[in-house]
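**Student:** what follows is a predicted protein model with its sequence.
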Amino acid sequence: MILNKLALGQSGQILKPKIATPELQRLQELGFVEGARVRLLRRGPLGSPLLFEICQTQIAIRKDEASYFEVQ
């Protein structure tokens, strides 16, 4: 499943990123790395941004950035 398709309150473990982009390194520095547990807390009014809890921190990212990651 793609990270941006999680339901509210649903969690998963991040798998390997699907693509390599310049934004990917920034997201990995924020904690979006392979093996990290992530939970979707909120969606913005138009579906973006998405608020995630990862590594006991809340981080909002754009919906298209969340599509870089698969979760299990």
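**Tutor:** Nice, I can see it. Numbers count the residues shown, from 1 in each chain.
**Student:** quick one: contacts of the helix or strand bottoming out on mean pLDDT in the chain?
**Tutor:** Least confident helix or strand, the chain: helix 22-29 with a mean of 88, by mean pLDDT, DSSP states H and E. The contact list for helix 22-29, computed with CB atoms under 8 Å, 6 or more residues apart in numbering, reads 17, 61, 65, 68. Where you see a C-beta, it was placed from the backbone N, CA and C, and this is true even at glycine.
**Student:** greatest separation within those residues: which pair is it?
**Tutor:** 17 and 61 (13.0 Å; CB to CB).
**Student:** please identify which of these two sits among more neighbours.
**Tutor:** Neighbour tally, residue 17 and residue 61, criterion other CB atoms under 10 Å: the higher count belongs to residue 61, 22 against 17.
**Student:** partners of that one in the sheet?
**Tutor:** Beta bridges link residue 61 to residue 50, judged by DSSP bridges.
**Student:** my guess is it contacts residue 49, does it?
**Tutor:** Yes - assessed by CB atoms under 8 Å, residue 61 is found in contact with residue 49 at 6.0 Å.
**Student:** so what sits against both of those two?
**Tutor:** With contacts defined as CB under 8 Å, 6+ apart, no residue is shared by residue 61 and residue 49.
**Student:** any regions of this structure where pLDDT drops low?
**Tutor:** By pLDDT under 70, the chain contains no weakly predicted segment.
**Student:** which parts of it are helices?
**Tutor:** Counting by DSSP state H, the chain has helices at residues 22-29, 63-66.
**Student:** possible to save these as a markdown table with mean neighbour count?
**Tutor:** As requested, the helices of the chain are arranged in a markdown table below (neighbours: other CB atoms under 10 Å):
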| stretch | mean neighbour count |
| --- | --- |
| helix 22-29 | 13 |
| helix 63-66 | 17 |
